[in-house]
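> The following block contains a protein sequence and its predicted model.
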Amino acid sequence: MSKSKRNDIPEGYGKLLEQWEAKEDYGEPIGCIATTFTFLPAFFEEECLSRFLNLQTDAVEDGPLYLLEREEKLAQVVAAVLVDQHNCRGARSLRWDLHPARVDGIMHAKISLLCWSKLVRLIIGSANLTEDGYRRNQEVFGVLDCGQPHGGWFDL
């Protein structure tokens, strides 16, 4: 592939974190639930939730402003992660729930359900909710969208 083509992502390929991004026509965030085998809470909060909530501030650059915006937006939604019981550890938040999945064997599903007022998105893939899973490893995922972000049956 030539250098000029490296940034052109072909149809059917994409970046997993981009699927968490709230577009203006998706409406307001309502809630999200995700499952994973391994988990990094800081990555989930700073990378996934910040995109889902469309935060305008950055955890590293904006410090206290980020915390205020995050708290304000998280107070208006429901967010939860189900993690295999053997990997369910790390910093927890009062604004989103972390639940251990206690099953026979291991809980290995990697599914995320993201709900905005005009769009519901289901992401099914192979990536754990970790920086390696979303940024470094070669992973596969599929996305199913339900609703009409430009108006339609979600409008009440």
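Arrived safely.
> neighbours around the nearest residue to residue 58 once chain neighbours are set aside, how many?
Once flanking residues are discounted, residue 58 sits nearest to residue 66: 6.1 Å by C-beta to C-beta, 6 or more residues apart in numbering. C-beta here means a position set from N, CA and C on the backbone, and glycine is covered the same way. Using other C-beta atoms under 10 Å, residue 66 has 18 other residues around it.
> Is residue 66 in contact with residue 53, as I believe?
No. When contacts are counted by C-beta atoms under 8 Å, residue 66 is not listed as touching residue 53 (11.2 Å).
> Low-confidence bits of this structure, can you list those?
Counting by pLDDT under 70, the chain has low-confidence residues at 1-7, 149-156.
> Can you tell me the centre-most residue of this structure?
Of all residues in the chain, the one closest to the mean position by C-alpha atoms, centre = their mean is residue 48, 3.8 Å from it.
> What's the separation between the closest residue to that residue other than its chain neighbours and residue 102?
With sequence-adjacent residues excluded and distances taken as C-beta to C-beta, 6+ apart, residue 48 is closest to residue 20, at 5.0 Å. With the distance defined as C-beta to C-beta, to the nearest Å, residue 20 ends up 27 Å from residue 102.
> Please apply the same query to residue 69.
For residue 69, the distance to residue 102 - C-beta to C-beta - is 34 Å.
> Wait, residue 52 touches residue 32, no?
Yes. With contact defined as C-beta under 8 Å, residue 52 counts as touching residue 32 (5.6 Å).
> Are there residues contacting both of those two? Which ones?
Common neighbours of residue 52 and residue 32, using C-beta atoms under 8 Å, 6 or more residues apart in numbering, are 79, 114.
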